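Student: pasting a predicted model and its sequence here:
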2 protein chains.
Amino acid sequence: MSANATSNADTRGYDPNLTPSVINAMGPNTPPRARQILSALIRHLHDFAREVDLTWDEWFIGVKFLNSIGQASSPIRNEGHRISDILGLESLVDEITHKLALKSDEAPTTSSILGPFWSPNTPFRENGDTIVLSPHNGQVTWMHGQVTDAQTKKPIANAVVDIWEASSNGKYDFQDPENQVPNNLRGKFRTDENGYYGFYCLKPTAYSLPTDGPAWQLLQLMDRSPMRPAHIHLMITHPDYHTVITQLYPDDDPHLKTDAVFAVKDGLVVHFAPREGDPKAELDLEFNISLGSKSIPTLAASRL
Amino acid sequence: MSANATSNADTRGYDPNLTPSVINAMGPNTPPRARQILSALIRHLHDFAREVDLTWDEWFIGVKFLNSIGQASSPIRNEGHRISDILGLESLVDEITHKLALKSDEAPTTSSILGPFWSPNTPFRENGDTIVLSPHNGQVTWMHGQVTDAQTKKPIANAVVDIWEASSNGKYDFQDPENQVPNNLRGKFRTDENGYYGFYCLKPTAYSLPTDGPAWQLLQLMDRSPMRPAHIHLMITHPDYHTVITQLYPDDDPHLKTDAVFAVKDGLVVHFAPREGDPKAELDLEFNISLGSKSIPTLAASRL
């Protein structure tokens, strides 16, 4: 579809020239990708307004809401990110960015959203170490698995498994400095020559998005829960493979079907089994990870 | 189209269940109109992202831009309104809100956007008065015309013609207190028994939108001019008729085809003629106004 294509949708009796005139107002110095994105954005915005016969008063409620998003944001709060997440948009752009052009039986581990709590400062630890450094009320879990190539199924040595999770009070280390030492419940681990990793962590705890500000207003209007299911964040990297950023969810979490940010995906719901004979952990979680070679393009890139 | 309808657009290899799951997450207490609007908004937002294969990095540029809009806003600056205007959205919702279900030969005077400079405090003045109260470098104009019924073509007495315009320096009274007295270039006039109004004003002057902040960033990315063509704002009201809010543009303005906010419409481009024998004005502008009876529904309401 060309950048200047008008919608196929009927313009419902409204001026059919407005949308093309806005799109065609872009001058010759607009970068091609910006023109493509903005043309589609303008067309969908206008089609949306015509489709619902959006009134001036309704639009102005939207304008005030739009301004409130930035006004609620601060260096430690990204409300635009949150609004986007509760509309499912980050989950969608994550899929668009990371889905590889592979058949389903060769697909790597499904990605999910990064969220705002990843840290670039997480230290490397040794396989067999624990990331549980501060007091908690949770259940210690031995998490382990193998990292393999999605196509060849062969083990991948020296992949880095970066994990981060909230504590049993639903807070991450830097949200909770009075109870947690820096890098509590964070760690980076290298897979061994057979692709194996393993460490002690906590079975994660569900938590709520903030119940103030524009995102909460929107959730209330939509009669939705602010809860996220409990989850463990993972980022798996290796120089020869596409990075996988993902989240794992306990299969007994009551919020799996109503995640406020739509980040629960097939293959990411996992079972925490009882662990026998290990005084350091009461639960066991096996999670095997599959990575796609960088020689494989993303689905989006495969269309270029 | 039902509120839960999924797009007809192909989902381009991405999960076809995401968009319905976000829409269907709305609970039973969502008001029906909010559900209709938000369902369409979510569907178009997702279709937009899939259509252009929007990447996580591009989306995050958008998130930061979104936050900057509210951060640039203040009690005297509505950046969300401005962004909406330069994307043509206020022009569109104006048409959606005000277009009447009438044949084109019975259509009332075309509406245009209100903009941010209308004042609720403008005083009534007498026909024949001037609204030019402060020094200027413009051309004084005798503006006059008749207000009639769009269908019967009969004159309408006691209609209120509310006019506001910027001075020859491109500023409105409350933006320019050092040069303009309050209500300079503002006035409300009642039509006489034959529907006539008349007053002295200025031929308007073109001006630029602010060249700082997010709206200017977006205009630059789109390689567009920040100029608005010169214009006179009008709001015409009568208890028995739909209000008409509109703008008039001199036919010799160089920015008519490139209005930054897409508010130039058919029937609103007018000719300022030389005026003979009036020491108070060098130009003459006749503008006749046509109003639609409140017994006629809007186009949108006619579909209910």
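Tutor: Noted; the coordinates are in hand. Numbers count the residues shown, from 1 in each chain, chains lettered A, B, ... in the order given.

Student: which of the three states applies to A:H81?
Tutor: Here A:H81 is helix, with the state taken from DSSP: H, G, I helix; E, B strand; the rest coil.

Student: could you do A:T122 as well?
Tutor: Here A:T122 is coil, with the state taken from three-state DSSP.

Student: skip the chain neighbours and tell me the closest residue to it.
Tutor: In space, and not counting its chain neighbours, A:T122 is closest to A:R186: 4.3 Å by C-beta to C-beta, 6 or more residues apart in numbering or on different chains. In this view, the C-beta of every residue, glycine as well, is placed from N, C-alpha and C.

Student: that neighbour reaches A:I163, doesn't it?
Tutor: Yes. A:R186 lies in contact with A:I163 (C-beta atoms under 8 Å); the separation is 7.0 Å.

Student: of the two, who's got more company?
Tutor: The neighbour comparison of A:R186 against A:I163 (other C-beta atoms under 10 Å in any protein chain shown) goes to A:R186, with 25 against 22.

Student: and the more buried one, what are its phi and psi?
Tutor: When read as degrees, to the nearest 10, the backbone of A:R186 gives phi -130, psi 140.

Student: contact partners for A:V264?
Tutor: A:S112, A:P229, A:Q247, A:Y249, A:L256, A:K257 (C-beta atoms under 8 Å, 6 or more residues apart in numbering or on different chains).

Student: try A:P116
Tutor: Counting by C-beta under 8 Å, 6+ apart, A:P116 has contacts A:N78, A:H81.

Student: what about the strands in the stretch 1-150 of chain A?
Tutor: Here the stretch 1-150 of chain A has its strands, by DSSP state E, counting those that start in this stretch, at A:140-149.

Student: got the buried residues for stretch A:56-74?
Tutor: For stretch A:56-74, the neighbour count (16 or more other C-beta atoms under 10 Å in any protein chain shown) marks A:56, A:58-60, A:62-63, A:65-73 as buried.

Student: can you list contacts of stretch A:123-137?
Tutor: In this structure, residues lying in contact with stretch A:123-137 by C-beta under 8 Å, 6+ apart are A:140, A:163, A:167-169, A:179-181, A:183-190, A:192, A:196-202, A:280.

Student: just the buried subset of these, written out for PyMOL, thanks.
Tutor: Buried residues among the contacts of stretch A:123-137 (16+ other C-beta under 10 Å), as a PyMOL selection:
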select buried, chain A and resi 140+163+167+168+180+183+184+185+186+187+188+189+196+197+198+199+200+201+202
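
Student: if I look at the residue in chain A that chain B sits nearest to, how far off is B:Q217?
Tutor: In chain A, no residue comes nearer to chain B than A:G70, which is 2.3 Å away by C-beta to the nearest C-beta. Relative to B:Q217, A:G70 is positioned 14 Å away (C-beta to C-beta, to the nearest Å).

Student: which neighbours do those two have in common?
Tutor: Residues touching both A:G70 and B:Q217 (C-beta under 8 Å, 6+ apart) are B:S68.

Student: which residues touch A:S111?
Tutor: Applying C-beta under 8 Å, 6+ apart to A:S111 gives the contacts A:D94, A:E95, A:H98, A:K99, A:V244, A:I245, A:T246, A:K265.

Student: what about the last one, how many residues nearby?
Tutor: Counted with other C-beta under 10 Å, the neighbours of A:K265 add up to 21.

Student: so who does the closest residue to A:L291 other than its chain neighbours touch?
Tutor: Closest residue to A:L291 apart from its sequence neighbours, by C-beta to C-beta, 6+ apart: A:Y241 at 3.9 Å. Each residue near A:Y241 by C-beta under 8 Å, 6+ apart is listed here: A:D149, A:I156, A:A159, A:L291, A:G292, A:S293, A:K294.

Student: just the helices in chain A please.
Tutor: Here chain A has its helices, by DSSP state H, at A:18-24, A:32-51, A:56-72, A:79-86, A:89-98, A:213-221, A:299-302.

Student: is the fourth one in proximity to chain B?
Tutor: In this case it means helix A:79-86. Yes. Remark: helix A:79-86 sits within contact range of chain B at A:E79, A:G80, A:H81, A:I83, A:S84, by C-beta under 8 Å from any C-beta of the partner chain.

Student: repeat that for the fifth one.
Tutor: Yes. Helix A:89-98 comes into contact with chain B (C-beta under 8 Å from any C-beta), by way of A:L89, A:E90, A:S91, A:L92, A:V93, A:D94, A:E95, A:I96, A:T97, A:H98.

Student: and the first one, how many residues sit next to it?
Tutor: It refers to A:L89. Residues contacting A:L89 under the criterion other C-beta under 10 Å number 26.

Student: verify the contact between A:N29 and B:R224 for me.
Tutor: No. If you go by C-beta under 8 Å, A:N29 and B:R224 don't touch, sitting 9.8 Å apart.

Student: make a markdown table from the contacts of A:S111 and add pLDDT to it.
Tutor: Output for the contacts of A:S111, formatted as a markdown table (pLDDT from 0 to 100):
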| residue | pLDDT |
| --- | --- |
| A:D94 | 95 |
| A:E95 | 95 |
| A:H98 | 93 |
| A:K99 | 93 |
| A:V244 | 96 |
| A:I245 | 96 |
| A:T246 | 96 |
| A:K265 | 91 |
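
Student: any quick PyMOL command for the buried ones out of the residues you listed?
Tutor: Burial among the contacts of A:S111 is assessed by 16+ other C-beta under 10 Å; the matching PyMOL selection reads:
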select buried, chain A and resi 94+95+98+99+244+245+246+265
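
Student: appreciated, that's everything.
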